[in-house]
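> give me a 3D structure for the following:
(2 chains)
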Amino acid sequence: MAKIIVVTSGKGGVGKTTTSASFASGLALRGYKTVVIDFDVGLRNLDLIMGCERRVVYDFVNVIQGEAQLRQALIKDKHCDNLYVLPASQTRDKDALTREGVSKVIDELIHDGFEYIVCDSPAGIETGALMALYFADEAIVVTNPEVSSVRDSDRIIGILDAKSKKAEAGESVKTHLLITRYNPKRVEGGDMLSLDDVQHLLRIPLIGVIPESETVLQASNDGTPAIHLHNTDVSEAYKDVVSRLLGEQKPLRFIEVPKQPFWKRLFGG
Amino acid sequence: MSIIEYLFGTRKKTANVARERLQIILAHERAGRTGPDYLPQLQKELVEVISKYVAVNPDDIKVQLDRKDELEVLEVNIVLPEHTRR
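Sure thing, here's the model as predicted:
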């Protein structure tokens, strides 16, 4: 049975698209037939992060409005065999996404044998964000250890509990907390909320911690999802997230400051 | 943070401030979110049921949801008129 997973956050710039790209790639690397859909109509960026921006011909809205077939709009990923990207429209307004239209596309994807459908939500709580989360079975709530991101995540968790299809049916969307841009050194210094703080505030189970890293910018510059940059903390952390979503037990990594020599601890630096 | 900074307290822990501010604002916003959802309907139905047996004013029934940490308390306060027997 296909699983629909929304990557959401409320706040912008916290790492939703970075996460959607790496997470969907990770599922595909594990052998699952996966599609990642950009719901950010008007401001698409998933295509750039996936490195397929020059291969976009038709988009999500074209399919919804019957101007293209789904298979014409799906772009095959260049890194993974069983991964496809459905780009958002760059020109239309966000009201082009209708619940019936989105539902039809998702049904067709399930019919075509996709096992995971990853929905990359836009920021905010407008139509695009509501559509991205409406059909979700599970949600990854991307949160930075920072006040405005935590508050917006709490708001989104409330919307998942109230306005999703599952909520309307009296069920609940399985929500996971993903803390991104985590800097253990600043946490130790008392200038950043710790992962325990964020977890206690938001009260949903943690699925992973992605460390703050130069890798993410390098990956986006190159149009390669960060999970493919082997032997980096970010890549390993995303692989752990995928494993945990698939039900495997993995201890958290990259959440402590590496041990420093005594003199450095004494004088700082 | 170095041991010297730690000993002499040269840095203020802003993360603690952030945590406390968030605890307060999230509790407040959650109460505002879940409160109006079913409370008015509950109050209306309570008035209907109680009115079958006792003549009460809608204003005499107060329904309030309080939260403290993990505990939620639903408080229903009904003020009966002086002559309640029919």
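> which non-adjacent residue is nearest residue A:193?
In this structure, residue A:193 finds its nearest non-sequential neighbour in residue A:145, 4.1 Å apart by C-beta to C-beta, 6 or more residues apart in numbering or on different chains. For glycine as for every other residue, the C-beta is placed from the backbone atoms N, C-alpha and C.
> in what helix or strand does the one you found lie?
Residue A:145 is part of no helix or strand when elements are defined by DSSP states H and E.
> can you name the residues that contact it?
Residues near residue A:145 by C-beta atoms under 8 Å, 6 or more residues apart in numbering or on different chains: A:179, A:181-183, A:187, A:192-195, A:197-198.
> show me what counts as buried in the longest helix anywhere in chain B.
Ranked by residue count under DSSP state H, the longest helix found in chain B is helix B:14-53. Across helix B:14-53, burial judged by 16 or more other C-beta atoms under 10 Å in any protein chain shown covers B:15, B:18-19, B:22, B:26, B:30, B:34, B:43, B:46-47, B:50.
> please apply the same query to stretch A:222-239.
Those would be A:223-229, A:232-239, for stretch A:222-239 by 16+ other C-beta under 10 Å.
> what sits up against it?
Under C-beta under 8 Å, 6+ apart, the answer for stretch A:222-239 is A:18-19, A:21-26, A:29, A:48-53, A:79, A:208-211, A:213, A:215-216, A:218-219, A:253-254.
> and it, C-alpha only, in PDB?
Output of stretch A:222-239 as PDB, limited to C-alpha atoms (Å, rounded to 0.1, in the frame of the first residue of the first chain):
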ATOM      1  CA  ASP A 222      25.300  21.400  -7.600                       C
ATOM      2  CA  GLY A 223      21.700  20.200  -7.900                       C
ATOM      3  CA  THR A 224      22.500  17.000  -6.100                       C
ATOM      4  CA  PRO A 225      20.400  16.000  -3.100                       C
ATOM      5  CA  ALA A 226      22.700  16.200   0.000                       C
ATOM      6  CA  ILE A 227      22.100  12.500   0.700                       C
ATOM      7  CA  HIS A 228      24.300  11.700  -2.300                       C
ATOM      8  CA  LEU A 229      27.300  13.600  -0.900                       C
ATOM      9  CA  HIS A 230      28.900  10.500   0.700                       C
ATOM     10  CA  ASN A 231      30.800  10.500   3.900                       C
ATOM     11  CA  THR A 232      29.300  13.800   5.000                       C
ATOM     12  CA  ASP A 233      27.400  14.200   8.300                       C
ATOM     13  CA  VAL A 234      24.300  15.500   6.500                       C
ATOM     14  CA  SER A 235      24.200  12.500   4.100                       C
ATOM     15  CA  GLU A 236      24.600  10.000   7.000                       C
ATOM     16  CA  ALA A 237      22.000  11.800   9.100                       C
ATOM     17  CA  TYR A 238      19.400  11.700   6.200                       C
ATOM     18  CA  LYS A 239      20.100   8.000   5.700                       C
END
